[in-house]
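Participant: what follows is a predicted protein model with its sequence.
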Amino acid sequence: MSVDVETAGPNPGLYSLLSIGACLVAEPERTFYVELQPVNSNAEKEALAVHGLSLEKLRVAGVPPADAMAQFEAWLAREIPPPVRPLFVAFNAPFDWMFVHDYFHRFLGRNPFGHNAIDIKAYYMGLSGSSWAETGLDKLLPRYVGPAKLTHNALDDAKDQAAIFRVLLEEAATRRLPADSA
């Protein structure tokens, strides 16, 4: 499950989760998107400038966070029915994960992902032997998606991440280590 978020700042303790976009890695046309009402007025101008979402508009048109997380959980259950737990895949997963994990627990008391998360940047670094500095989206997007431009729309970005991850999985399959080598 490729997931991307847009937020009002760098951490969920002080700033709001404003949008969530998700798609299946293998079938990126199967999507989820929601814009959330902010939980407070805290915002960094730089964050808002990146994605262009407005706290004022979201206060009126956004989905209350508890409802948004319930919708996301229901979509996940339809796409990846229990008892299988979905895998959270994101580009720079630590950032996106902390908001999604916090909001699921804060508003629903549970996280349907559990602790199942994988970071595309780290996966690429391990697969390619590159340095962390070589794992930026500015380097991977042209290589794996083409001349696409990062839109900072959570759903568009989730789809681009899924495209990158699908190719990385294909590359990894050609280099598979023997299962008993661990």
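Facilitator: Cool, got the structure. Residues are numbered from 1 along each chain as shown.
Participant: which of the three states applies to Pro112?
Facilitator: Three states are possible here, and by DSSP: H, G, I helix; E, B strand; the rest coil the one that applies to Pro112 is coil.
Participant: mind giving me the packing neighbours of the helix or strand of the chain with the lowest mean pLDDT?
Facilitator: Lowest mean confidence among the helices and strands of the chain (mean pLDDT, DSSP states H and E): helix 137-144, at a mean of 88. The contact analysis (3 or more CB pairs under 8 Å, 6 or more residues apart in numbering; DSSP states H and E) places helix 137-144 against helix 154-174. All C-beta atoms are positioned from the backbone trio N, CA, C, and that covers glycine.
Participant: helix 137-144 and the helix it packs on, what's the angle between them?
Facilitator: Here the directions of helix 154-174 and helix 137-144 differ by 60 degrees (axes from the mean of the first three to the mean of the last three CA atoms, to 10 degrees).
Participant: tell me the buried residues in helix 154-174?
Facilitator: 154-165, 168 (16 or more other CB atoms under 10 Å).
Participant: what does stretch 104-113 give?
Facilitator: Applying a neighbour-count criterion of 16+ other CB under 10 Å, the buried positions in stretch 104-113 are 104, 107, 111-113.
Participant: swap in stretch 59-70?
Facilitator: 62-63, 65, 68-69.
Participant: need the buried residues of stretch 104-113 in a markdown table with pLDDT, can you?
Facilitator: Output for the buried residues of stretch 104-113, formatted as a markdown table (pLDDT from 0 to 100):
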| residue | pLDDT |
| --- | --- |
| Phe104 | 98 |
| Phe107 | 98 |
| Asn111 | 97 |
| Pro112 | 96 |
| Phe113 | 96 |
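Participant: kindly indicate which of these lies nearest Ala90.
Facilitator: Proximity of these to Ala90, judged by CB to CB, is greatest for Phe113, which lies at 10.7 Å.
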